[in-house]
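# Quick check, what structure comes out for this input:
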Amino acid sequence: MAKPAKNTICLWYDGDAEDAARFYARTFPDSSVGAVHRAPGDYPSGKKGDALMVEFTVMGIPCLGLNGGSNVKHNQAFSFQVSTADQAETDRYWNAIVGNGGQENACGWCQDKWGLSWQITPSALIKAVTDPDRAAAKRAFEAMMTMKKIDIAAIEAARRG
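All right, here's what the predicted structure looks like:
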């Protein structure tokens, strides 16, 4: 048996932690679903035998999905930031999240259908907005501010002026 992680991210779900974990495992590399712990008795938002906690990993980060009920919702104060190498990888993750019942937000942010926020961030965007040429960085930043999914070609064109 593997030694449990010292620090695990606990994410609250409304009965569908296992579905979310399985989606993340299918979508992202170095992701998997581990143990599914069943409730030993009835609880306010579920019954004995329901999946209560789901151990999973998202891109190497240990997580625990807790089916705690509908009274707590995800918000943008917590997000996974996924660094992407190119437009194809950016599109793949963005389209997987948004195309599976999620929604687009501004500046490379989106939410999955469970309400969890994701930043799909091309490395080219970080390079552009931190360019030592502050005018180039400003142009790239202003271009990003108009986008939902990041368009690397448009960011690089803005950076060049």
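# For the rest of this, base every contact and every neighbour count on C-alpha atoms.
OK.
# Counting neighbours, what do you get for Ile150?
Using other CA atoms under 10 Å, Ile150 has 26 other residues around it.
# What sits closest to it if chain neighbours are left out?
Once flanking residues are discounted, Ile150 sits nearest to Gly108: 5.4 Å by CA to CA, 6 or more residues apart in numbering.
# Verify the stated contact: that neighbour with Gln119.
Yes: here Gly108 lies in contact with Gln119, judged by CA atoms under 8 Å, at a distance of 5.5 Å.
# Show me whatever sits in contact with both of these two.
The overlap between the contact sets of Gly108 and Gln119 (CA atoms under 8 Å, 6 or more residues apart in numbering) is empty.
# Could you measure from His74 over to Leu11?
8 Å (CA to CA, to the nearest Å).
# Those two: which has the busier surroundings?
For His74 versus Leu11, neighbours defined as other CA under 10 Å are more numerous around Leu11 (18 against 15).
# show me what contacts the more buried one?
By CA under 8 Å, 6+ apart, the neighbours of Leu11 are Cys63, Leu64, Gly65, Leu66.
# Quick check: strands, which of these are part of them?
Residues of the contacts of Leu11 located in strands (DSSP state E): Cys63, Leu64, Gly65, Leu66.
# Would you check how far apart the first one and Thr146 are?
By that I understand Cys63. Counting by CA to CA, the gap from Cys63 to Thr146 is 33 Å.
# Settle it for me: which of those two has more neighbours?
Using other CA under 10 Å as the criterion, Cys63 and Thr146 rank with Cys63 on top: 20 against 11.
# Not counting residues beside it along the chain, what's closest to that one?
Using CA to CA, 6+ apart, the nearest residue to Cys63 is Ile9, at 4.6 Å.
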